[in-house]
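Asker: fold the stuff below for me.
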Amino acid sequence: MPEGCGRAVLLNGAVAVPDGRGMLRRLTALAATATLAAAGIATPASAAYAACRPAAGSPRCVVWTGKVVWVADGDTLKVDIAGDGTAEARSVRLIGVQAMEQTAYSPRPERRRGECHSLTATAAVERLVKAGGGRVRMTAQVPSSSSRDRPLRSVAVRIGGQWRDLGHELVRAGHALWLPFADEWAWDADYQFAAQKAAVEHRQIYDTAGCGVGPAQDAGLTVWVNGDADGPDEANLNGEWIRIGNPSARDVPLGGWWVRDSGLRRYTFAAGTVAPAGGAVYVHVGKGTDTATHKYWGLTAPVFSNILPALHVNGDGGYLFDPQGDLRSWMIYPCRTACGSPLTGRVALRVRPTGSELVELVNTGSEPVDLFGHVVTGRSWAYRFEERTVLAAGEAFTVPLGDGRHVLADDGGVVTLLTADQWTVTCAAWGSGQC
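Answerer: Numbers count the residues shown, from 1 in each chain. As a prediction, this is how the structure comes out:
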């Protein structure tokens, strides 16, 4: 469920003000100035505004400048902000990125400590800042956006006459995860694509043995994030889950492994947890009684964002780490690059929206197909193939529909077959519906 849809927004500590739909208001310049003054954050004296990004159609952002005093970690800088009336260095949190956590902070690299990949991310920021002479340009759509009392800003350095976005550089190089922040959405599409490119290339954090060869290194564990629970997400927390699949022929102990969203929320598997050979372990977001293969995070609100482009909610990610800190498997959705499905061109949807409603998935090829890892969706329902489901050539699978409820509009609609990471394989439309 997207942070901010139907509830107040607080993502990783980010301050937010919901409107009637729960989405963040676009603050006017006057309101923003008042908020900043109340918070002690200086508005640029000339009320400078510029495009948030160089791409066509970019929204407008407020602009600040400053001088970096030192780099705290891979997503936080200490900046002397120009025009704020002080020489004090203020912590500035980068929009859109999540580096691995440090545990000891210092301007002196030899004194730093942290999780695997954390110090290399900090060093990468330092190199870019140094190349830009320490001067930075900071932008934000909502000037009052903050995370843990740190202003949220996109930060750029000028190198060789060109402004370079630190967030993009970090994500594209694999030094940090893409982290969508509520109401600071201008960078999401770019960072999401950059993250998926880094993942495909196994750069830095996406090198599954970057911290050393780990347990069950060749097991090929998989991650499937279901971020859109059936019905209202707040009423069905356990309908949000991460599925850890084990396609190998042997059990994989998961004690000490952990899963996370793109923020700081983590669930660590207890000793004795096992991903069975050919099976899976689920981590449900809400509360419940653990079984061998179904675990419960115990959270009280949805974690994973849906995909609602009209509301600038652009997806999310889920990640599996082994005990030494290697990222072993992940899913960033929706898929933007290197997407595909073995079902492409081999299956078709048949829909009967009137009378006795029917949705069928038909194998149109000459060889068997496995539907596992795919989802059939309609306007308000979904059916997920979470286990092997093999169709022989010419065979049809009848998709269960809404426990007998009427779910297909007579006058028009669309049914879509998606991959687990939300890439469209095929669709069927009728009436006023369009694929």
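
Asker: helices along the stretch 51-200 of the chain, start to end?
Answerer: Along the stretch 51-200 of the chain, counting by DSSP state H, counting those that start in this stretch, helices occupy 118-131, 166-172, 188-200.

Asker: which residue, other than its chain neighbours, is closest to Val367?
Answerer: I think there's a mix-up here, since residue 367 is Glu and not Val. Leaving aside its chain neighbours, Glu367 sits nearest to Ala393 (6.2 Å; criterion: Cβ to Cβ, 6 or more residues apart in numbering). In short, each C-beta sits where N, CA and C put it, glycine included.

Asker: show me what contacts the one you found?
Answerer: Asn363, Gly365, Ser366, Glu367, Pro368 (Cβ atoms under 8 Å, 6 or more residues apart in numbering).

Asker: most neighbours out of the residues you listed, which is it?
Answerer: Asn363 (21 neighbours; other Cβ atoms under 10 Å).

Asker: enumerate every residue touching that residue.
Answerer: So Asn363 contacts Arg346, Val347, Val369, Leu391, Ala392, Ala393, Gly394, Glu395, Ala396 (Cβ under 8 Å, 6+ apart).

Asker: now, among these, which is nearest to Arg405?
Answerer: The closest of these to Arg405 turns out to be Ala396 (Cβ to Cβ; 21.8 Å).

Asker: was I right about the closest one contacting Leu349?
Answerer: No. Using Cβ atoms under 8 Å, Ala396 is not in contact with Leu349; the gap is 10.1 Å.

Asker: any shared contact partners between those two?
Answerer: Joint contacts of Ala396 and Leu349 (Cβ under 8 Å, 6+ apart) are Glu360, Leu361, Val362.

Asker: turn those into CSV, including distance to Leu408 and secondary structure.
Answerer: As requested, the shared contacts of Ala396 and Leu349 are exported to CSV (distance: Cβ to Cβ, whole Å; DSSP: H, G, I helix; E, B strand; the rest coil):
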residue, distance to Leu408, secondary structure
Glu360, 13, strand
Leu361, 15, strand
Val362, 17, strand
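
Asker: which ones are touching Gly174?
Answerer: Neighbours of Gly174 in contact, by Cβ under 8 Å, 6+ apart: Ala198, Ala199, Glu201, His202, Arg203, Gln204, Ile205, Tyr206, Asp207.

Asker: do Thr268 as well
Answerer: Contacts of Thr268 (Cβ under 8 Å, 6+ apart): Gly256, Trp257, Trp258.

Asker: may I have the phi/psi pair for it?
Answerer: Backbone dihedrals for Thr268, given as degrees, to the nearest 10, come out at phi -100, psi 130.

Asker: for Leu221, same thing?
Answerer: With angles defined as degrees, to the nearest 10, Leu221 sits at phi -60, psi 150.

Asker: and Gly412, by the same measure?
Answerer: Dihedral angles (degrees, to the nearest 10) for Gly412: phi 150, psi 150.

Asker: what's the separation between it and His406?
Answerer: Distance, Gly412 to His406, by Cβ to Cβ, to the nearest Å: 14 Å.

Asker: look at these two and report which has more neighbours.
Answerer: Gly412 (13 against 10).

Asker: what's the neighbour count on the closest residue to Val200 other than its chain neighbours?
Answerer: Using Cβ to Cβ, 6+ apart and skipping the chain neighbours, the partner closest in space to Val200 is Ala338 (4.7 Å). For Ala338, the count of nearby residues is 11 (other Cβ under 10 Å).

Asker: and what of Val69?
Answerer: The burial count for Val69: 16, using other Cβ under 10 Å.

Asker: likewise for Arg379?
Answerer: Counted with other Cβ under 10 Å, the neighbours of Arg379 add up to 11.

Asker: swap in Val259?
Answerer: When counting by other Cβ under 10 Å, one arrives at 24 neighbours for Val259.

Asker: separation between it and Ala348?
Answerer: 35 Å.

Asker: repeat for Gly212
Answerer: Taking Cβ to Cβ, one finds Gly212 at 47 Å from Ala348.

Asker: between those two, which has more neighbouring residues?
Answerer: Between Gly212 and Ala348, counting by other Cβ under 10 Å, Ala348 is the more crowded of the two (17 against 11).

Asker: quick check: bridge partners of the more buried one?
Answerer: Beta bridges link Ala348 to Val362 when assigned by DSSP bridges.

Asker: quick one: it and Val425 touch, right?
Answerer: No. Checked against Cβ under 8 Å, the pair Ala348 and Val425 is beyond contact range at 10.1 Å.
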